[in-house]
Every structure is written in C-alpha cells, then in structure tokens.
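Trainee: Here is my input; please provide its structure:
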Amino acid sequence: MKRIMPILAIFLLSLSPAGSALSQGGGNHSDHGARAKEAPPAQGSNHEGMQMETGGAMSMLGTAATDGIKAMAHLQDLHQGEAQHSAAATHNFMVAFEAEDKGSAITQGRAAVKVTSPDGQTGSAVTLNPKAGFFNADLALKTPGRYTFLVGTKLADDKPRQFSFSYELK
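Mentor: Down below sits the predicted model:
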C-alpha cells in the first residue's frame, strides 16, 4: 500500500484542475471557497485525511481490507476547482485496490458503489469506471451529514468482496 499511495496521489493530482495549474506554474488557488471537512479515517485505517491546497478539496476516506485485498478510497469535491462538471455531480469517488501479500495494484475487474445518505436512504449501485490504477464515478452528495459508501467488487479473481467507507459532509 505504501508504494501505491504516492503514485495514486500524484496521478490524481495530475488529473485534477490543481495538477493542471501546478504543471503550468499556476500557484496557490486556495481561495476557491471553503474546503470540505475531512472524515475520520475508516475503521482499522492508519491513514489520515488528505486535502489538496489548490483546486477542489480531496479527502482520503481511509483503507479497508477484505479477503487479501486492500482498498483505498478518496473523495474529491468537484465544484471547488476550476474544471467544469455536470450540475448533478458534486463529488468524484475514487478507489484503488492492491493485493495485501504482493502490494501490487489491481486494475482488472468490476466495481460499484452504493451510497447511503444522511437520511438513511441507500441509492442504486453506481458502476465505478476503471482508470489508470483506480476506479471512479461522479456522485451527487448534496445533503450535509454522514455518507456511507459500500463498494462491491469482482476483481481479476472473480471473487466478490465488499469494502465500506464513510464521509461527513459539512
């Protein structure tokens, strides 16, 4: 996991409006509105929340392990950066997987997330699209409160697994 975290952070930064601005000498854009509040790390996680100093706020939701696979999830506020996104989507949910025994990234398979909102309503499964080293989807998180993200997978070994993360939206 230690090898994939810096790679994922650099990759995610390069995709964000912040990464684009930094690569072009854009400087500090921390005045683009208030940042989202970070949730405490997921249960059993030794990783702390993370936020970008420029562009949209990025929070690490933590890590979770199930049956030999570790999952690391992030949530990015789409409306705090400079990029244009659909009006319905407010956040981008990202999750990376790796084999616990080998520490190698897992990029093949299927993943989806079900989001439970602060009012206890659970939405339909949203397919997480594979990217270079992680899976992601845009979500609409509009009501303040605690959200729970239940990620279901069938990765390369075709074995079903679930991972749970939470986030407090202020």
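Trainee: right, and A140 touches N92 too?
Mentor: No: the pair A140 / N92 is not scored as a contact, 11.2 Å apart, by CB atoms under 8 Å. Just so you know, the C-beta spots here come from the backbone N, C-alpha and C atoms, and that holds for glycine as well.
Trainee: higher neighbour count, these two?
Mentor: Set A140 next to N92 and count neighbours by other CB atoms under 10 Å: N92 wins out with 20 against 16.
Trainee: Can you check my assumption that that one lies in a helix?
Mentor: No: the assignment for N92, made by DSSP: H, G, I helix; E, B strand; the rest coil, is strand rather than a helix.
Trainee: That one and A137, how far apart?
Mentor: 7 Å (CB to CB, to the nearest Å).
Trainee: Where do the helices of the protein begin and end?
Mentor: Along the chain, the segments classed as helices by DSSP state H run 4-15, 17-23.
Trainee: mind listing the strands for the chain?
Mentor: For the chain, the strands defined by DSSP state E occupy 58-66, 69-77, 91-99, 105-106, 109-116, 126-130, 135-139, 145-155, 160-169.
Trainee: Next, format these as CSV and append mean pLDDT.
Mentor: Formatted as CSV, the strands of the chain follow (pLDDT from 0 to 100):
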stretch, mean pLDDT
strand 58-66, 96
strand 69-77, 96
strand 91-99, 96
strand 105-106, 94
strand 109-116, 98
strand 126-130, 97
strand 135-139, 97
strand 145-155, 98
strand 160-169, 97
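Trainee: Report the beta-bridge partner residues of A112.
Mentor: Taking DSSP bridges as the rule, A112 bridges to T127, G152.
Trainee: contacting residues around P118?
Mentor: Contact partners of P118, counting by CB atoms under 8 Å, 6 or more residues apart in numbering, are 143-147, 169.
Trainee: what about the closest residue to it other than its chain neighbours, how many residues close to it?
Mentor: Leaving aside its sequence neighbours, P118 sits nearest to G145 (CB to CB, 6 or more residues apart in numbering; 2.6 Å). Look at G145: counted by other CB under 10 Å, it has 13 neighbours.
Trainee: And for D77?
Mentor: For D77, the count of nearby residues is 23 (other CB under 10 Å).
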